[in-house]
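[1] below: sequence and its predicted model.
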Amino acid sequence: MQEGPSSVSTVTEEQPHTAKLSLMTLSALVVGSMVGAGVFSLPRRFAEETGVAGALIAWTIAGTGMLMLAFAFQSLAMRRPDLDAGVYAYAKAGFGEYLGFFSAFGYWASACVGNVTYWVLIMSTIGTIWPALGDGDTVLAAALSSVGLWSFFLLIRRGVKEAAAINRVVTVAKVVPILVFVVLALFCLDPEVFAENWGGADYAGSLFDQIRGTMLATVFVFLGVEGASVYSRHARRRKDVGRATVLGFLSVFAVFASVTIVSYGIMPMSEIAELRQPSMAGVLEHAVGTWGTVFVSVGLIVSVLGAYLAWSLMAAEVLYVAAQDHDMPRFLRRATADDVPVPALVMTTVLVQLVLVVTLLSDDAFNFALNMTSSLTLIPFLLAAAFALKISLTADPLAQRPTTGRDLAIGVLATLYTAFLLYAAGLRFVLLSFIVYAPATILFVMARREQGRRPFSPRELLICAVSVAGAALGVIALAVGWISL
């Protein structure tokens with residue numbers, strides 16, 4: 001980033017005044033992060049994979065697993081209050097600087113790819129009345145999305161506290177139409193259609209395979225459960241971080257599950273699976289008429305723009321805190337007097353822009369970006385859960401209280417769940433994730449050289465070799481057609 005004389009006084013490497021956020025604002029960041037594009041796509045995503053029975057089991061597994069992860073973040077926020085930017089900091093404290101760097105970069109990259117889904121879905125929604133936008137994957141759609149994302153950059157550049165306050169208002173505005181959808185769908189629910197959709201008999205494969213197919217979708221909609229811990233340095237009271245995490249999760253879990261289940265009572269699942277995204281609009285149109293599409297579409301645009309704001313804040317925050325800890329190059333440490341990490345925000349916006357261009361090469365831009373987002377998040381989530389397990393099994397001299405049986409159970413369950421998600425993602429998205437992870441090592445080497453340190457320890461060199469080998473295999477698999485975008 002170029003800095004002339006006029007900008008030297010506003011963008012510095014010194015610690016800026018940190019904006020302090022209340023419990024309700026932190027909770028709104030969590031809810032605002034989770035309630036975004038994913039919830040509006042749930043009916044089709046689930047109907048493509050399974051019926052009512054499979055959906056109920058999937059939500060039970062996902063809800064329990066993510067609740068354990070939320071509890072793990074809550075526990076870590078109280079036991080290790082010295083660690084800021086949760087997901088990244090926990091990985092570093094538990095497993096070293098290089099895996100901590102991977103966690104920071106992976107979480108940041110997943111946030112950026114996730115932001116692409118928001119613009120794709122907005123353009124797909126408008127595409128119902130402006131066919132040139134297609135399903136959000138045309139050149140015109142990408143161009144309009146680019147205008148939008150750089151406009152948001154300018155908004156966030158004004159100040160973190162102001163952006164967070166806007167997010168709190170938008171969070172309330174976007175939850176209302178989703179709740180209205182659930183109520184209207186319940187009134188219009190047809191018991192016979194619901195019963196016909198029960199078993200998922202139209203689908204090949206076992207019930208386990210059907211449930212596995214829904215897992216990345218549930219990961220995507222729950223991304224943001226860690227939002228308060230990512231923004232922990234801004235908390236007015238440290239205990240609010242854990243409270244906001246659990247409060248935010250419980251606030252949206254029932255809504256997500258309800259949106260999915262009630263949809264099975266409106267249309268045959270084979271028809272739901274063929275709806276264009278946002279599929280919630282098609283379901284409500286079938287139930288109440290054309291105005292249902294308009295209602296959901298307006299709610300979606302408000303929801304998605306609010307989620308984009310929250311995720312842009314969190315993505316930049318992770319890079320900034322990692323740079324403060326000397327795990328990213330020093331240029332990412334700079335922030336304005338208003339507490340805005342501008343270089344990190346610029347880097348975030350640039351990656352979103354690049355991925356927007358990549359989606360033009362995909363057969364299904366929305367689902368590709370959704371699954372890629374989920375896959376990139378799995379390693380950071382797994383490392384955070386494993387750290388919660390690690391400090392429950394070993395004596396951590398920095399822990400603020402001793403381990404309890406509850407801490408150990410949460411650590412075990414959260415680790416098992418995130419490991420299962422990695423398996424459920426499948427080889428395709430694991431390899432694609434390596435393609436993103438491996439080149440990022442350049443930033444790690446830059447940070448080490450700035451400190452006059454060796455680029456890698458022997459253990460770190462082994463991890464680097466594995467990531468490069470995975471990336472090479474992923475590139476080969478793409479080249480020969482074993483996997484595709």
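    Cool, got the structure. Numbers count the residues shown, from 1 in each chain.

[2] lowest-scoring secondary structure element of this protein by mean pLDDT?
    None of the helices or strands of the chain scores lower by mean pLDDT, DSSP states H and E than strand 11-12, at a mean of 42.

[3] roughly how far apart are Ser103 and Val430?
    In this view, Ser103 and Val430 are 16 Å apart by Cβ to Cβ, to the nearest Å. The C-beta positions use only the backbone N, C-alpha and C, and glycine is treated the same way.

[4] of the two, who's got more company?
    The neighbour count for Ser103 versus Val430, taken as other Cβ atoms under 10 Å, is higher for Ser103 (31 against 17).

[5] that one: what secondary structure?
    At Ser103, secondary structure determined by DSSP: H, G, I helix; E, B strand; the rest coil is helix.

[6] what stretches of this structure score poorly on pLDDT?
    Across the chain, the ranges flagged by pLDDT under 70 are 1-30, 32-33, 36-37, 84-86, 159-173, 200-205, 224-242, 338-339, 396-400, 483-485.

[7] now the strands for the stretch 301-450 of the chain?
    Applying DSSP state E, counting those that start in this stretch to the stretch 301-450 of the chain gives strands spanning 335-336.

[8] how about the helices of it, start to end?
    Remark: helices assigned in the stretch 301-450 of the chain by DSSP state H, counting those that start in this stretch are 342-359, 365-393, 405-437, 441-450.

[9] hey, which of those is tucked in deepest?
    helix 365-393 (a mean of 25; mean count of other Cβ atoms under 10 Å).

[10] please report how far Trp150 lies from Val346.
    Taking Cβ to Cβ, one finds Trp150 at 10 Å from Val346.

[11] sorry, that was for Arg428
    Arg428 sits 31 Å away from Val346, going by Cβ to Cβ.

[12] same question, Ile122
    Counting by Cβ to Cβ, the gap from Ile122 to Val346 is 22 Å.

[13] still on that earlier bit, Leu223 is nearest to which of the helices of the stretch 301-450 of the chain?
    When the helices of the stretch 301-450 of the chain are compared by Cβ to Cβ, helix 365-393 sits nearest Leu223, at 5.9 Å.

[14] could you dump stretch 41-48 to CSV, C-alpha only?
    Extracted in CSV, the C-alpha atoms of stretch 41-48 (Å, rounded to 0.1, in the frame of the first residue of the first chain):
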residue,chain,number,x,y,z
SER,A,41,-29.8,-21.9,0.3
LEU,A,42,-30.7,-24.6,2.9
PRO,A,43,-33.9,-26.1,1.3
ARG,A,44,-32.2,-27.0,-1.9
ARG,A,45,-28.9,-28.1,-0.4
PHE,A,46,-30.6,-30.6,1.9
ALA,A,47,-33.2,-31.7,-0.7
GLU,A,48,-30.3,-32.6,-3.1
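
[15] go through stretch 275-282 and flag the buried ones.
    Applying a neighbour-count criterion of 16 or more other Cβ atoms under 10 Å, one finds Leu275, Arg276, Gln277, Pro278, Ser279, Met280, Ala281, Gly282 buried in stretch 275-282.

[16] without its sequence neighbours, what residue ends up closest to Thr359?
    Counting by Cβ to Cβ, 6 or more residues apart in numbering, Thr359 lies nearest to Ala365, which is 3.9 Å off, once chain neighbours are set aside.

[17] and Arg401, by the same measure?
    Arg79 (6.0 Å).

[18] you'd agree the one you found is up against Thr404?
    No. In terms of Cβ atoms under 8 Å, Arg79 does not count as a neighbour of Thr404; the distance is 10.0 Å.

[19] between the two, point out the one with more neighbours.
    Arg79 (21 against 11).

[20] how close does that one sit to Tyr90?
    Distance from Arg79 to Tyr90, by Cβ to Cβ: 11 Å.

[21] check Gln324 too.
    Gln324 is 16 Å from Tyr90, by Cβ to Cβ.

[22] same drill for those two, tell me which one is more crowded.
    Comparing Gln324 with Tyr90 by other Cβ under 10 Å, the one with more neighbours is Tyr90, at 29 against 19.

[23] let me see the contact set for that one.
    Leu76, Arg80, Leu83, Ser103, Leu383, Ala384, Phe387, Ala388 (Cβ atoms under 8 Å, 6 or more residues apart in numbering).

[24] dump those to JSON lines, plus distance to Leu140.
    What follows is the contacts of Tyr90, written out as JSON lines (distance: Cβ to Cβ, whole Å):
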{"residue": "Leu76", "distance to Leu140": "45"}
{"residue": "Arg80", "distance to Leu140": "48"}
{"residue": "Leu83", "distance to Leu140": "44"}
{"residue": "Ser103", "distance to Leu140": "37"}
{"residue": "Leu383", "distance to Leu140": "40"}
{"residue": "Ala384", "distance to Leu140": "40"}
{"residue": "Phe387", "distance to Leu140": "45"}
{"residue": "Ala388", "distance to Leu140": "46"}
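
[25] the residues you listed: which two are farthest apart?
    Most distant of the contacts of Tyr90, by Cβ to Cβ, are Arg80 and Ser103, 15.0 Å apart.

[26] what's the offset of the host helix or strand of Leu300 from the middle of its chain?
    Using DSSP states H and E, Leu300 falls within helix 290-324. Averaging C-alpha positions (Cα atoms, centre = their mean, to the nearest Å) puts helix 290-324 10 Å from its chain's average.

[27] any idea how far Gly299 is from the residue nearest the centre of the chain?
    Taking Cα atoms, centre = their mean, the centroid of the chain lies closest to Leu223, which sits 3.7 Å from it. Separation of Leu223 from Gly299 (Cβ to Cβ): 20 Å.

[28] then Val31?
    Taking Cβ to Cβ, one finds Val31 at 15 Å from Gly299.

[29] so which of these two has more stuff around it?
    The neighbour comparison of Val31 against Gly299 (other Cβ under 10 Å) goes to Val31, with 28 against 24.

[30] just the element for that one, please.
    Assigned by DSSP H and E, Val31 falls in helix 23-34.

[31] helices or strands up against the next helix or strand after that helix?
    Later in the chain than helix 23-34, the nearest helix or strand by DSSP H and E is helix 37-47. Packed against helix 37-47 by the contact rule (3 or more Cβ pairs under 8 Å, 6 or more residues apart in numbering; DSSP states H and E) you find helix 97-126, helix 207-222, helix 239-263, helix 269-272, helix 279-288, helix 290-324, helix 365-393.

[32] distance from helix 37-47 to the middle of the chain?
    15 Å.

[33] touching it from outside, list them.
    Taking Cβ under 8 Å, 6+ apart as the rule, helix 37-47 contacts 55, 58, 114, 117-118, 121, 178, 214, 217, 220-221, 223, 255-256, 259-260, 263-264, 269-270, 272-273, 275, 277-283, 296, 300, 303-304, 307, 366-367, 370.

[34] just the buried members of those?
    Applying 16+ other Cβ under 10 Å to the contacts of helix 37-47 flags 55, 58, 114, 117-118, 121, 178, 214, 217, 220-221, 223, 255-256, 259-260, 263-264, 269, 272-273, 275, 277-283, 296, 300, 303-304, 307, 366-367, 370 as buried.
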